[in-house]
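Asker: Pasted the sequence and its predicted model underneath.
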Amino acid sequence: MKKMISAAFLLIFVSVLALSASAVGHTSADQVFGADGISDRASVGNNDVTGTALGTITDDKLTLWGWYADEQKITEFGYRYGDKVTLGSTKYTGGGDDSVIAEQAGKLGYADGESVRFRIADIPVMKGEDVELYAVAKLADGSTVDIWKVTYTSENGMEMQNGNSQATDQTDGSTPEATNPGTADAALLTAFTLGFIALAGLSIVKKVR
């Protein structure tokens with residue numbers, strides 16, 4: 001009986017951690033286009049959202065293409081360099097694959113088809129080595145979440161100042177409240193809390209022995 005109780009607590013702990021991970025938004029990092037909006041600068045599909053390295057590029061603009069799903073409603077997309085966020089990229093509905101996207105989102109457990117295409121175009125290239133560019137999504141609660149990190153090196157382009165670009169400010173004039181969705185933060189807090197309870201339960205079982 002004691003072994004069954006211990007196993008149950010362990011199962012709860014593992015399950016909670018799994019649920020917290022699934023609460024974080026999901027990005028399909030499909031393609032990075034060069035200045036012409038056609039030429040690929042990364043893999044066609046399955047790029048690493050935590051860091052897609054383009055190497056040295058000569059483009060003056062980039063386009064990020066893919067789709068993003070989140071538990072919250074997504075209002076728009078954009079990009080950021082440093083802490084400067086530029087929004088204004090609307091949900092992309094072209095391409096004829098809306099039904100495919102909705103199906104993929106459903107398999108991930110997201111409700112109401114809140115997985116949407118993004119095509120964040122005309123992103124200015126910054127001059128520098130290992131420049132970090134982030135695709136972002138603005139959520140219904142006003143927060144802005146990073147959804148895809150891209151790095152590159154360029155001898156041309158705009159200058160970075162104090163880690164920020166000289167690009168224009170956010171199109172809506174607001175300041176992003178966070179770079180991570182609130183749902184993810186809440187899920188992680190719940191995970192740690194319940195995980196602590198589960199581990200405490202295991203300690204009690206051991207003492208009973």
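Answerer: Perfect, thanks for sending it.
Asker: Could you list the low-pLDDT ranges of this structure?
Answerer: Scanning the chain for pLDDT under 70 picks out 1-24, 94-96, 105, 108-115, 162-209.
Asker: ok, now how distant is V131 from G55?
Answerer: 12 Å (Cβ to Cβ, to the nearest Å). No exception for glycine: its C-beta is placed from N, CA and C like everyone else's.
Asker: typo on my end, Y79
Answerer: 19 Å.
Asker: what residues does the helix or strand hosting L64 touch?
Answerer: Using DSSP states H and E, L64 maps to strand 61-69. By Cβ atoms under 8 Å, 6 or more residues apart in numbering, the surrounding residues in contact with strand 61-69 are 25-35, 37, 41, 74, 77, 79, 101, 104-105, 108, 110, 114-125, 133, 135, 137, 147-148, 150, 152.
Asker: residue boundaries of the helices in the protein?
Answerer: 2-22, 98-107, 182-208 (DSSP state H).
Asker: just checking, what packs against the second one?
Answerer: Same thing as helix 98-107. strand 61-69, strand 115-124 (3 or more Cβ pairs under 8 Å, 6 or more residues apart in numbering; DSSP states H and E).
Asker: Which neighbouring elements make contact with the last one?
Answerer: Here strand 115-124 touches strand 61-69, strand 74-81, strand 84-89, helix 98-107, strand 128-139, going by 3+ Cβ pairs under 8 Å, 6+ apart.
Asker: quick one, that strand and strand 61-69 angle?
Answerer: Put simply, strand 115-124 runs at 160 degrees to strand 61-69, going by axes from the mean of the first three to the mean of the last three Cα atoms, to 10 degrees.
Asker: List the buried residues for strand 115-124?
Answerer: 115-120, 123-124 (16 or more other Cβ atoms under 10 Å).
Asker: No further queries at this time; thank you.
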